[in-house]
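Asks: Sequence unavailable; structure follows:
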């Protein structure tokens, strides 16, 4: 028995030695293999992630809080911080303390803009400073006046310069907020055409105002599809980000803030396997990002005729606007890619009607298709479809047939013209109630918007991408906008008299009228930030580095430029449409992550959300050639 125990102990020791030897061997082998991959990191610059806007804003908040505690900031000697978050150069923050609670009236350039709430601690937001001049701010405290000068001569309108015919509106009224569809950003003008606000970031697409006065704006992190992003920001006029939404289903074109605080989002994400591109609608809890309600347009159409819906697979239907009536639950979708306006019940997901070409749809859709009873033209390539309280259907009609593109060249569109329309719907019949076409002189195949003011019946029209005479003379491609296009912003009163008429040398996605201030404005003391992230990031293919090691060692040096911010990377290279591009991120262990960055004949995303951590040597494959960037990125 003792011998058995003795031999058992010896056996255990032998097994332990063998296992230990195996582990040491594996460790040494793996260590040598990892050391081998370190060659890929030698003599390369480590590029740390730049301090992104969120990090910068944390520092700005700390700076402002220090000033708020500074008792030397008085009414007679206020502390003034221009552009406190370094993103909105036509803003300022005025801070001071008073012994008693005081009310302060604020004027900018001799125009009274708001009355501040009573307080002992005053943190007064100054919005709407005019670009290119010295701005004069007057604070009125019970008849005591304090003059402050904020010099904005260093902000030049440049290509944001605007010509306005017969200006009638000034800064004390609503200003015109304008957004682009991509890299031009967001800005606003007063009624005289003065640039009075802009963000020094490329936040784009829809502008929606939340119940707390903040704005929702699309962020600049692409989700991999054209004009589609991984989410959006809740932001104030200082450019301070209060919430960052990074969403699994992404965002494109449209947001709607509901009265209960939830948000309806047009979704579009390359990582989501949708039957139709950019065709997803979902409602989220604004505090958590959790989905409350959702549908895919494919499923709606398949519920009527699955064969017809299957025939659309892969189609970019370009859901570019959503209107929602919270009382009736009716939702109106503009489906630009298939020349259709769709009405459905958001709760039941049942179609009410479709405005579109009956020749395009199968016979199964006949009960739902509206019939044009007065011979009016059907809208093609539309934007901003909505219902008025009187029940009229409003929209911007580009007059561009996305289903049957007759030509790429502008000369073939000389008879086309864009307009805004109000339609009257009676059962399954529809006819034009009102139309404005500016003399049929404007045509833009893309962009454009129509806003209808229910209070005063005024109409704000954005002819968002119109071609000039030189464009027609040169017979350019309709996709060639540089130097050939502009936007015409027109506002009509209830009698259709023009009260604002501005020309902007840019393509404008949408235009809104809104005020910077309430009648009584709260002191600016809200610096909260919340990150809501349920995104999945880019789809990366994980492969062993040994598969590429020799190829990487022989890679041709390159001088590609990248910008890295936390988990995002912007690749500043213009590729030919025919090129296929892969990015390889080689970690310091044995793994390589492959991003299929660009397919043939596909545009590239502006930014890519990698969700990587650590140091990575980066290689680029263009068609069959591998290039070494010579850089190590630190995420």
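Replies: That came in fine, so what should we check first? In this text, all values refer to a predicted model and were calculated from it rather than measured experimentally.
Asks: what bridges to the residue nearest the centre of the chain?
Replies: Centroid-nearest residue in the chain: residue 218, 2.2 Å away (criterion: Cα atoms, centre = their mean). Per DSSP bridges, the residues bridged to residue 218 are residue 204, residue 232.
Asks: Next one: it relative to residue 433, how far apart?
Replies: 33 Å (Cβ to Cβ, to the nearest Å). From N, CA and C alone the C-beta is placed, and that goes for glycine too.
Asks: Likewise for residue 350?
Replies: Where residue 433 is concerned, residue 350 sits at a distance of 26 Å (Cβ to Cβ).
Asks: And those two? Which one has more around it.
Replies: Each of residue 350 and residue 433 has its neighbours counted (other Cβ atoms under 10 Å); residue 433 has more, 18 against 12.
Asks: For residue 559, which three-state class applies?
Replies: Of the three states, residue 559 takes coil under DSSP: H, G, I helix; E, B strand; the rest coil.
Asks: so who does it touch?
Replies: Contact analysis of residue 559 by Cβ atoms under 8 Å, 6 or more residues apart in numbering lists residue 630.
Asks: repeat for residue 464
Replies: Neighbouring residues of residue 464 by Cβ under 8 Å, 6+ apart: 383, 444, 446-449, 487, 507-510.
Asks: And residue 244, by the same measure?
Replies: Listed by Cβ under 8 Å, 6+ apart, the contact partners of residue 244 are 54, 219, 231, 233, 529-533.
Asks: Let me know the closest of the residues you listed to residue 98.
Replies: Closest approach to residue 98 among those (Cβ to Cβ): residue 529, at 28.9 Å.
Asks: Filter the contacts of residue 244 down to the buried ones, PyMOL style.
Replies: The following PyMOL line selects those of these that are buried, judged by 16 or more other Cβ atoms under 10 Å:
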select buried, resi 219+231+233+532+533
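Asks: Give me the distance from stretch 144-152 to the chain's centre.
Replies: A distance of 35 Å separates the centroid of the chain from that of stretch 144-152, by Cα atoms, centre = their mean, to the nearest Å.
Asks: For that stretch, buried residues please.
Replies: Within stretch 144-152, the residues that qualify as buried are 146, 148, 150, 152, counting by 16+ other Cβ under 10 Å.
Asks: same deal with stretch 477-487?
Replies: Residues 478, 481, 484-487 are the ones in stretch 477-487 that count as buried (16+ other Cβ under 10 Å).
Asks: average pLDDT across it?
Replies: Averaging pLDDT along stretch 477-487 yields 80.
Asks: now swap in stretch 41-60 and tell me
Replies: Stretch 41-60 shows a mean pLDDT of 79.
Asks: What is the end-to-end distance of it?
Replies: End-to-end distance of stretch 41-60 (Cα to Cα, to the nearest Å): 36 Å.
Asks: swap in stretch 431-441?
Replies: Stretch 431-441 has an end-to-end distance of 23 Å (Cα to Cα).
Asks: what does that stretch contact?
Replies: Against stretch 431-441 from outside (Cβ under 8 Å, 6+ apart): 372-374, 376, 392, 417-424, 459, 461, 463, 488, 490, 492, 496.
Asks: Select only the buried ones of those in PyMOL?
Replies: This is the PyMOL syntax for the buried subset of the contacts of stretch 431-441, where burial follows 16+ other Cβ under 10 Å:
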select buried, resi 392+417+418+419+420+421+422+423+424+459+461+463+488+490+492
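Asks: rewinding a little: out of the buried residues of stretch 144-152, which sit inside strands?
Replies: Among the buried residues of stretch 144-152, DSSP state E puts 146, 148, 150 in strands.
Asks: now these in JSON lines, with pLDDT and distance to residue 339?
Replies: Formatted as JSON lines, these follow (pLDDT from 0 to 100; distance: Cβ to Cβ, whole Å):
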{"residue": "146", "pLDDT": "98", "distance to residue 339": "58"}
{"residue": "148", "pLDDT": "98", "distance to residue 339": "54"}
{"residue": "150", "pLDDT": "98", "distance to residue 339": "49"}
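Asks: one step back: who touches the residue nearest to the centre of the chain in this structure?
Replies: Residue 218 makes contacts with 203-206, 229, 231-233, 251-252, as judged by Cβ under 8 Å, 6+ apart.
Asks: And residue 91, by the same measure?
Replies: By Cβ under 8 Å, 6+ apart, the neighbours of residue 91 are 82-84, 125-127, 129, 197, 237-239.
Asks: which among those residues end up buried?
Replies: 82-84, 125-127, 129, 197, 237-239.
Asks: In three-state terms, label residue 380 for me.
Replies: Going by three-state DSSP: residue 380 is coil.
Asks: Looking at the contacts of residue 218, which is nearest residue 401?
Replies: Nearest to residue 401 among these: residue 252, at 21.7 Å, using Cβ to Cβ.
Asks: Was I right to think that closest one contacts residue 266?
Replies: Yes - using Cβ atoms under 8 Å, residue 252 is in contact with residue 266, at 5.4 Å.
Asks: Are there residues contacting both of those two? Which ones?
Replies: Common neighbours of residue 252 and residue 266 (criterion: Cβ under 8 Å, 6+ apart): 278, 319.
Asks: Return the subset of the buried residues of stretch 477-487 lying in strands.
Replies: Judged by DSSP E, the buried residues of stretch 477-487 include 485-487 as members of strands.
Asks: pretty sure residue 355 is touching residue 378, no?
Replies: Yes - here residue 355 reaches residue 378: they are 7.3 Å apart, a contact under Cβ under 8 Å.
Asks: Which one of the two is surrounded by more residues?
Replies: With neighbours defined as other Cβ under 10 Å, residue 355 and residue 378 compare such that residue 355 has more, 26 against 18.
Asks: Pairing partners for the residue lying closest to that one once chain neighbours are set aside in the sheet, please.
Replies: Nearest residue to residue 355, sequence neighbours excluded (Cβ to Cβ, 6 or more residues apart in numbering): residue 341, at 4.1 Å. Beta bridges link residue 341 to residue 334, residue 355, judged by DSSP bridges.
Asks: which residues does residue 341 contact?
Replies: Residue 341 touches 332-335, 354-356, 379, 382, 385, 393, 395, counting by Cβ under 8 Å, 6+ apart.
Asks: cool, and residue 255?
Replies: 206, 208, 216, 232, 263-266.
Asks: Put together TSV for the residues you listed, with secondary structure, neighbour count and distance to residue 96 on each row.
Replies: Shown next, in TSV, are the contacts of residue 255 (DSSP: H, G, I helix; E, B strand; the rest coil; neighbours: other Cβ atoms under 10 Å; distance: Cβ to Cβ, whole Å):
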residue	secondary structure	neighbour count	distance to residue 96
206	strand	26	37
208	strand	18	34
216	strand	24	32
232	strand	28	35
263	strand	24	37
264	strand	22	41
265	strand	29	41
266	strand	26	44
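Asks: picking that back up, can you tell me how far the residue nearest to the centre of the chain sits from residue 577?
Replies: For residue 218 relative to residue 577 (Cβ to Cβ), the value is 24 Å.
Asks: and what of residue 81?
Replies: Using Cβ to Cβ, we find residue 81 at a distance of 46 Å from residue 577.
Asks: From the neighbour counts alone, determine which of these two ranks first.
Replies: Set residue 81 next to residue 577 and count neighbours by other Cβ under 10 Å: residue 81 wins out with 18 against 10.
Asks: pLDDT below threshold where in the stretch 351-500 of the chain?
Replies: 481-482 (pLDDT under 70).
Asks: ok so, going back, from the contacts of residue 255, pick the one nearest residue 39.
Replies: Closest approach to residue 39 among the contacts of residue 255 (Cβ to Cβ): residue 232, at 42.5 Å.
Asks: wait, doesn't the closest one sit right on residue 214?
Replies: No - contact between residue 232 and residue 214 fails when scored by Cβ under 8 Å: they sit 11.5 Å apart.
Asks: now the contacts of residue 91 as CSV including distance to residue 113 and pLDDT?
Replies: Formatted as CSV, the entries for those read as follows, by distance: Cβ to Cβ, whole Å; pLDDT from 0 to 100:
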residue, distance to residue 113, pLDDT
82, 17, 98
83, 18, 97
84, 18, 97
125, 10, 98
126, 9, 98
127, 8, 97
129, 11, 97
197, 13, 96
237, 12, 97
238, 16, 97
239, 19, 96
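Asks: Good, we can wrap up now.
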